[in-house]
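Novice: I'll drop the sequence and a predicted model, then ask my questions.
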Amino acid sequence: MVTSRSLTLSILVIIILQLGTATISPSDKKPKDSKQATADAKKGPVPESVFQRNLVTRSPSASDIVAESGMYCKKIERNFTNAVLGYVTPWNNHGYDVAKTFGNKFTMISPVWLQIKRKPTGTFHITGTHDIDHEWIKDVRKRGKKSQVKIVPRVLFDGWSSDDFYALFTTGTEPKELTKTIVMSLKAYKFDGVVLEVWSQLGGQGRKALQMLVKLLGEALTKADLKFILVIPPPVSPHTGKVGNIEMDDIKQMYAYVDYFSVMTYDYSSPERPGANSPIKWVEKCIKAISTKKNERSKFLIGLNFYGYDYTSSGGHPILGKDYLDLVSKTSAIQWGDDVEEHYFEAKDKGIKHTVFYPTLYSIRQRIKLAEELGCGLAIWELGQGLDYFYDLL
């Protein structure tokens with residue numbers, strides 16, 4: 001069994017070795033013509049799903065991942081019956097294609113386009129509208145017709161100062177003005193609702209004021225027949241296990257006014273504390289910390305990362321599908337961490353040793369099963385970062 005402590009120690013050993021004299025290890029051995037193998041991998045729809053191709057395994061091979069990950073079942077039907085939200089960003093164009101191709105897999109798509117700004121006069125305006133792609137929205141809705149996919153853009157409180165928040169929370173008019181601006185903008189651009197990201201920005205401060213804002217906005221959105229998804233930080237802090245910046249009482253106060261809570265159950269580790277992206281036991285604790293009843297959990301969307309982390313002696317950074325495939329083709333073995341239920345591997349590229357944690361079909365399937373057991377939905381950050389055959393699981 002591999003424990004999270006042993007994984008961390010393993011990574012530290014790699015870092016020390018990298019700083020000192022290089023040594024030969026199994027991870028230094030790479031298959032010949034790995035770049036060519038990546039380039040030659042097939043892509044597009046095929047008759048069989050990843051289940052029928054026997055790819056959902058605890059012991060995947062690097063060669064199978066490289067060869068098979070670009071192929072997905074041409075019969076695109078939902079396997080997961082609870083709500084699924086997929087985020088799409090302007091800086092990852094493949095996500096736009098994923099949303100169209102796999103439209104039936106999602107109940108909601110959230111393009112990360114919009115920001116809400118406060119003017120010194122106490123009024124508000126929406127920015128980022130230049131990123132809105134109406135033709136793409138039309139295509140997604142058309143291809144996702146059976147599932148009636150909703151387009152719910154994320155709105156971020158971008159560039160706000162503490163004075164801005166103070167003014168918002170201490171005046172009687174600004175919350176109503178902000179709510180009016182958001183609802184009118186959603187209606188003007190014919191969106192189906194909104195994903196609001198603000199809670200994490202305040203680091204656990206101003207909770208009562210935030211609750212009142214959520215209630216006010218929730219009532220207005222319901223009246224306008226618009227969906228309301230609130231992004232919330234993990235209720236259990238990574239590593240420490242202490243209470244996070246949101247608690248069950250916060251949820252109880254807002255529950256009736258929100259359609260879904262998008263829970264950020266990823267980024268458990270960091271370059272400062274390398275390791276797993278989202279240990280499955282931690283994910284379960286996060287959900288149970290804000291809800292004790294399964295029949296009330298359909299509003300909670302478990303954050304599911306479709307990216308990983310690449311750690312080296314110089315630190316770490318997120319790694320997306322394309323770069324992952326290049327690195328995984330250079331490893332001799334993919335390892336499984338029993339306690340975190342994630343795969344990881346070690347590889348050497350251009351003289352630099354890498355330790356990579358990245359989702360696999362098996363690790364994603366385990367988290368989908370957990371969501372089913374808990375009665376939750378899923379929120380994927382983000383479409384286009386992962387591998388195309390991941391969507392066969394949804």
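Specialist: Thanks, I have it. Numbers count the residues shown, from 1 in each chain.
Novice: Which pLDDT does the model give residue 9?
Specialist: You'll see residue 9 listed with a pLDDT of 37.
Novice: With residue 32 instead?
Specialist: 39.
Novice: try residue 3
Specialist: So, for residue 3, pLDDT stands at 44.
Novice: Pull the contacting residues for residue 158.
Specialist: Going by CB atoms under 8 Å, 6 or more residues apart in numbering, residue 158 touches 115, 116, 117, 127. Every C-beta, even on glycine, is put in place using the N, C-alpha and C of the backbone.
Novice: Look up how far residue 377 lies from residue 78.
Specialist: 12 Å (CB to CB, to the nearest Å).
Novice: So between the two, which is more surrounded?
Specialist: residue 377 (24 against 15; other CB atoms under 10 Å).
Novice: Who is the more buried one paired with across the strands?
Specialist: Using DSSP bridges, the beta-bridge partners of residue 377 come out as residue 301.
Novice: now swap in the one 4 residues further on and tell me
Specialist: Listed beta-bridge partners, residue 381: residue 305 (assigned using DSSP bridges).
Novice: For it, give its distance to residue 277.
Specialist: Separation of residue 381 from residue 277 (CB to CB): 11 Å.
Novice: what's the closest non-adjacent residue to residue 122?
Specialist: Nearest residue to residue 122 in three dimensions, chain neighbours excluded: residue 174, at 5.4 Å (CB to CB, 6 or more residues apart in numbering).
Novice: ditto for residue 264
Specialist: residue 303 is the one closest to residue 264 (CB to CB, 6+ apart), at 4.9 Å.
Novice: quick one: contacts of the helix or strand containing that neighbour?
Specialist: Residue 303 belongs to strand 300-305 when assigned by DSSP states H and E. Contacts to strand 300-305, defined as CB under 8 Å, 6+ apart, come from residues 83-85, 229, 260-267, 277-278, 283, 287, 290-291, 359, 364, 367, 370-371, 374, 376-381.
Novice: Given the helix or strand following it, what are its sheet partners and their directions?
Specialist: Per DSSP H and E, the first helix or strand lying C-terminal to strand 300-305 is strand 308-312. Neighbouring strands of strand 308-312 in its sheet, by DSSP bridges, are strand 315-319 (antiparallel), strand 352-357 (antiparallel).
Novice: Any buried residues in strand 308-312, and which?
Specialist: 308, 309, 310, 311, 312 (16 or more other CB atoms under 10 Å).
Novice: Send me that strand as PDB with only the CA atoms.
Specialist: Provided in PDB are the C-alpha atoms of strand 308-312 (Å, rounded to 0.1, in the frame of the first residue of the first chain):
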ATOM      1  CA  GLY A 308      -2.900  17.000 -13.200                       C
ATOM      2  CA  TYR A 309       0.300  18.300 -11.600                       C
ATOM      3  CA  ASP A 310       3.900  17.800 -12.800                       C
ATOM      4  CA  TYR A 311       6.500  18.100 -10.000                       C
ATOM      5  CA  THR A 312      10.200  18.600 -10.500                       C
END
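Novice: Now tell me what touches it from outside.
Specialist: Contacts for strand 308-312 (CB under 8 Å, 6+ apart): 11, 14-15, 18, 269, 271, 274, 277, 316-319, 323-324, 327, 352-359.
Novice: Pick out whichever of the buried residues of strand 308-312 sits closest to residue 97.
Specialist: Closest approach between the buried residues of strand 308-312 and residue 97, by CB to CB: residue 308, at 20.7 Å.
Novice: roughly how far apart are the nearest residue in space to that closest one that is not next to it in sequence and residue 366?
Specialist: Among residues not flanking residue 308 along the chain, residue 358 sits closest, at 3.0 Å (CB to CB, 6+ apart). Between residue 358 and residue 366 the computed distance is 14 Å (CB to CB).
Novice: Next: residue 300.
Specialist: 18 Å.
Novice: Residue ranges in the chain under the pLDDT threshold?
Specialist: For the chain, applying pLDDT under 70 flags the ranges 1-40, 144-147.
Novice: Run me through the strand neighbours of the lengthiest strand in the chain, direction for each.
Specialist: Ranked by residue count and defined by DSSP state E, the top strand of the chain is strand 342-349. Using DSSP bridges, the strands paired with strand 342-349 are strand 334-337 (antiparallel), strand 352-357 (antiparallel).
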